[in-house]
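Asker: Pasted the sequence and its predicted model underneath.
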Amino acid sequence: MAIKSPSLLFRNFTSADLLDATMLANSSLSEFYSESLISELRDQWPEAFMVCYSGSELIGLICGSKYSRTEARVLLLAVKRESRRLGIGGILMERFENLARSSGYIGVRLEVKKDNVGAINFYRRIGYSITGSITAYYSDLSDAYVMWKLL
C-alpha cells in the first residue's frame with residue numbers, strides 16, 4: 001500500500017528518540033526491550049537504526065546489525081499498530097537494504113515468529129524467503145523462521 005500522509009519524516013535515530021523507540025518496540029513486538037538494550041542495539045551500527053515520525057509521534061523504526069562479512073541483519077522492525085499497512089515498514093526495509101548494499105553486504109537476514117503470518121507475508125512480498133528455523137528462539141520459547149534476501 002502507498003503512504004497516505006505527506007507529513008512523514010524518515011531519519012536516523014538520535015538519543016532523543018530513545019524513550020519513544022523503547023515504547024514503540026514494547027507495544028509492537030512480543031519481546032521486552034529496555035532503554036539500555038535499545039541503546040546497545042543502536043551502538044552495533046548507528047546508521048542502521050532509522051525512525052519514522054508523523055508530526056511529533058514516532059510511528060516506525062528499524063534497527064539492523066552487521067551479521068557477518070556478507071550479511072546484514074534486521075534486529076527490530078516495528079510500526080505502530082494504527083499505522084501499519086501504509087507502506088512505512090516497506091520504506092524502512094528499503095532504506096536498511098540500501099544501506100546494507102552500499103556497505104558491501106550481499107544479503108539481509110532476519111528472524112520472525114513462526115505464527116506471525118502477517119509479518120511473514122510482508123517479508124515474502126518484499127523478496128525474503130524462509131531459509132531455516134530456530135526452536136525456542138524467543139523468550140516465550142516460541143519458534144522462529146530465518147528469512148533471507150539477496151540484495
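Answerer: Perfect, I can see it now.

Asker: how about low-confidence regions in this protein?
Answerer: Within the chain, the stretches with pLDDT under 70 are 1-6.

Asker: burial of the residue nearest to residue 71 when sequence neighbours are not counted, as a residue count?
Answerer: Ranked by CB to CB, 6 or more residues apart in numbering and with sequence neighbours excluded, the top spatial neighbour of residue 71 is residue 107, at 4.8 Å. Using the backbone N, CA and C atoms, a C-beta is placed for each residue, glycine as well. A count of nearby residues for residue 107, using other CB atoms under 10 Å, gives 18.

Asker: Surely residue 107 touches residue 149?
Answerer: Yes: using CB atoms under 8 Å, residue 107 makes contact with residue 149 at a distance of 6.3 Å.

Asker: any residues in contact with both of these two?
Answerer: Counting by CB atoms under 8 Å, 6 or more residues apart in numbering, residue 107 and residue 149 have no contacts in common.

Asker: Look up how far residue 69 lies from the spatially most central residue of the chain.
Answerer: Centroid-nearest residue in the chain: residue 77, 2.1 Å away (criterion: CA atoms, centre = their mean). Applying CB to CB, to the nearest Å, the value for residue 77 to residue 69 is 23 Å.
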